[in-house]
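>>> Below are the sequence and a predicted model; questions follow.
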Amino acid sequence: RSEWVEHPTRFSNEYATDMLEDEWRLVGHEDTWLDDMGAAELRPAAGNRQYVNKCPLGTGGDDANQMMLLSDMALAWDPD
């Protein structure tokens, strides 16, 4: 089990901050590089896509381990 925020029982804007400050990559089931990194749980089911804040080995930071749905990311992109 893993929480998306440090203190899940306290109200904060940590979730929104992560969404806005992290670099996100859209992945699909075919992105097996997540398995190679030991992050197979971030690879969506066949036919689905989601965002992850991981990058293939050697192309960016690999310390984070989160995913966001397309609907989550729409919150960050909404101009209103």
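Happy to help now that I have it.

>>> Let me see the contact set for the closest residue to L34 other than its chain neighbours.
If the residues on either side of it in the chain are set aside, L34 comes closest to R43, at 4.5 Å by CB to CB, 6 or more residues apart in numbering. Yep, even glycine has a C-beta here, placed from its N, CA and C like the rest. R43 makes contacts with 27, 29, 31-32, 34-35, as judged by CB atoms under 8 Å, 6 or more residues apart in numbering.

>>> what do you get if the cut-off is 10 Å, keeping everything else the same?
Residues in contact with R43, defined by CB atoms under 10 Å, 6 or more residues apart in numbering, are 27-35, 50, 52, 67.

>>> What distance do you get for it to F11?
Here the criterion is CB to CB, to the nearest Å. By it, R43 lies 31 Å from F11.

>>> Helix or strand with the lowest mean pLDDT in the chain?
helix 14-21 (a mean of 80; mean pLDDT, DSSP states H and E).

>>> so where is the protein shaky, pLDDT-wise?
Along the chain, segments meeting pLDDT under 70 span 1-4, 56-64.

>>> In this protein, mark out all the strands, start to finish.
When assigned using DSSP state E, the strands of the chain occupy the ranges 25-28, 49-52, 67-68.

>>> among those, which is nearest M19?
Across those, M19 has its closest neighbour in strand 67-68 (6.3 Å, CB to CB).

>>> Need the residues that contact that closest one.
4, 15, 18-19, 22, 24, 26-27, 34, 39, 41-44, 50-54, 74-76.

>>> switch to 7 Å and redo it
19, 24, 42, 50-52 (CB atoms under 7 Å, 6 or more residues apart in numbering).

>>> partners of it in the sheet?
Within its sheet, strand 67-68 is paired with strand 49-52 (antiparallel), according to DSSP bridges.

>>> Enumerate the positions of the strand it pairs with that are buried.
50-52 (16 or more other CB atoms under 10 Å).
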